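Q: just coords:
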């Protein structure tokens with residue numbers, strides 16, 4: 001069989017990226033595997049878990065599979081670049097009272113850029129990942145759509161990819177469901193790989209304790225932010241909090257205050273060192289503003305467009321209208337109230353299964 005073009009496959013050592021490499025190898029592509037070391041567990045502090053990426057075991061697993069299948073594998077150390085951009089932004093966003101989206105930033109500004117640069121050096125026409133998503137070319141635009149397995153769909157974290165990046169990207173798993181991927185690995189004799197668990201944590205917060213990470217990362221943080229006030233929507237003081245960066249919009253547990261009815265974090269004011277508490281109804285929001293938008297299906301939004309908008313990764317989405325504001329931001333008007341709008345998170349728009357684009361939530365009301 002004649003080899004197709006070269007493709008550089010991002011391999012984390014997990015089942016999805018491993019099977020993605022297998023599929024492309026079977027299809028005749030000249031596969032080169034690459035494992036990007038973004039973070040060193042030994043510097044993270046906290047309790048280490050074995051389910052994250054970037055561990056030595058995962059790197060060895062990726063290399064072993066490549067050797068077994070007969071294609072090249074390289075390791076790319078991007079810890080410095082990753083730390084300077086992703087981790088610094090993560091800390092800065094929490095200190096500004098927002099909730100960051102590190103996986104979106106990493107895909108957009110670190111992983112894809114790093115992959116494409118190395119692909120050019122190696123003469124690879126394409127790059128590929130194990131994301132559950134699909135991409136196609138239609139009317140001169142590269143369009144991302146949801147993966148076949150909606151329970152695993154990862155299009156939400158890909159909204160920031162440029163047309164240039166998408167023109168060279170393959171998503172081999174987009175047309176499969178997760179159980180099919182596990183079966184493929186098992187049938188090929190990779191029984192341990194087929195059972196490998198997945199990581200749902202941020203890679204540099206392997207114990208899933210972002211508060212502990214912030215405390216370890218920012219010297220003296222607790223002293224700087226503790227002692228601020230919990231207030232209600234009228235500004236009345238309800239008590240003292242432990243530090244505004246340690247709370248998130250919609251949080252109910254861990255407030256350490258007793259009320260007659262449930263109270264939720266509805267706003268975080270970093271300048272005043274205040275955390276505003278309210279009822280569940282106070283979380284209701286009809287309008288959301290989105291900054292730094294990136295569009296894929298269309299070059300621009302003309303007038304008002306009816307879409308499904310998602311304001312968090314596991315959000316099922318809600319009917320809404322989006323329009324472009326004079327300052328370049330997008331405005332979302334939901335048909336019905338949504339809850340838990342958190343500045344700093346991503347708002348992502350769909351037309352059917354197609355990703356229109358997305359941006360970072362700038363605020364809502």
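A: Yep, it's here. Fair warning: this is a prediction, and the values are worked out from it, not measured in the lab.

Q: make it CA atoms for all contacts and neighbour counts henceforth
A: Will do.

Q: For the protein, which residue occupies the most central location?
A: residue 103 (3.2 Å; C-alpha atoms, centre = their mean).

Q: May I see the buried residues of the helix or strand encompassing that residue?
A: If you go by DSSP states H and E, residue 103 is part of helix 102-105. Buried residues in helix 102-105, counted by 16 or more other C-alpha atoms under 10 Å: 102, 104, 105.

Q: Give the next helix or strand downstream of it.
A: helix 112-122.

Q: What is that next one packed up against?
A: Packing partners of helix 112-122 (3 or more C-alpha pairs under 8 Å, 6 or more residues apart in numbering; DSSP states H and E): strand 6-10, strand 126-128.

Q: Let me see the contact set for residue 284.
A: By C-alpha atoms under 8 Å, 6 or more residues apart in numbering, the contact set of residue 284 is 337, 338, 339, 340, 365.

Q: Need the three-state assignment for the residue nearest to residue 61 when sequence neighbours are not counted.
A: Once flanking residues are discounted, residue 61 sits nearest to residue 13: 5.2 Å by C-alpha to C-alpha, 6 or more residues apart in numbering. Classification of residue 13 by DSSP: H, G, I helix; E, B strand; the rest coil places it in coil.

Q: Same check on the one 5 residues further on?
A: Three-state assignment for residue 18 (three-state DSSP): helix.

Q: quick one: it and residue 65 touch, right?
A: Yes: here residue 18 reaches residue 65: they are 7.5 Å apart, a contact under C-alpha atoms under 8 Å.

Q: out of the two, which sits in the busier spot?
A: The residue with more neighbours, out of residue 18 and residue 65, is residue 18; 24 against 21, by other C-alpha atoms under 10 Å.

Q: what comes up buried for the host helix or strand of residue 23?
A: Assigned by DSSP H and E, residue 23 belongs to helix 15-26. Residues of helix 15-26 classed as buried by neighbour count (16+ other C-alpha under 10 Å): 15, 16, 17, 18, 19, 20, 21, 22, 23, 24, 25.

Q: For it, give me every contacting residue.
A: Helix 15-26 is contacted by residues 9-12, 31, 33, 62, 65, 69, 128-131, 171-173, 181-182, 184-185, 193-194, 196 when judged by C-alpha under 8 Å, 6+ apart.

Q: Any of the residues you listed buried? List them.
A: For the contacts of helix 15-26, a burial check counting by 16+ other C-alpha under 10 Å picks out 9-12, 31, 33, 62, 65, 128-131, 171-173, 181-182, 184-185, 193-194.

Q: Just those residues: which are in helices?
A: If you go by DSSP state H, these have 62, 65, 181, 182, 184, 185, 193, 194 in helices.

Q: What's the separation between the residue nearest to the first one when sequence neighbours are not counted and residue 194?
A: Nearest residue to residue 62 in three dimensions, chain neighbours excluded: residue 13, at 4.3 Å (C-alpha to C-alpha, 6+ apart). With the distance defined as C-alpha to C-alpha, to the nearest Å, residue 13 ends up 12 Å from residue 194.

Q: Cool, thanks, talk later.
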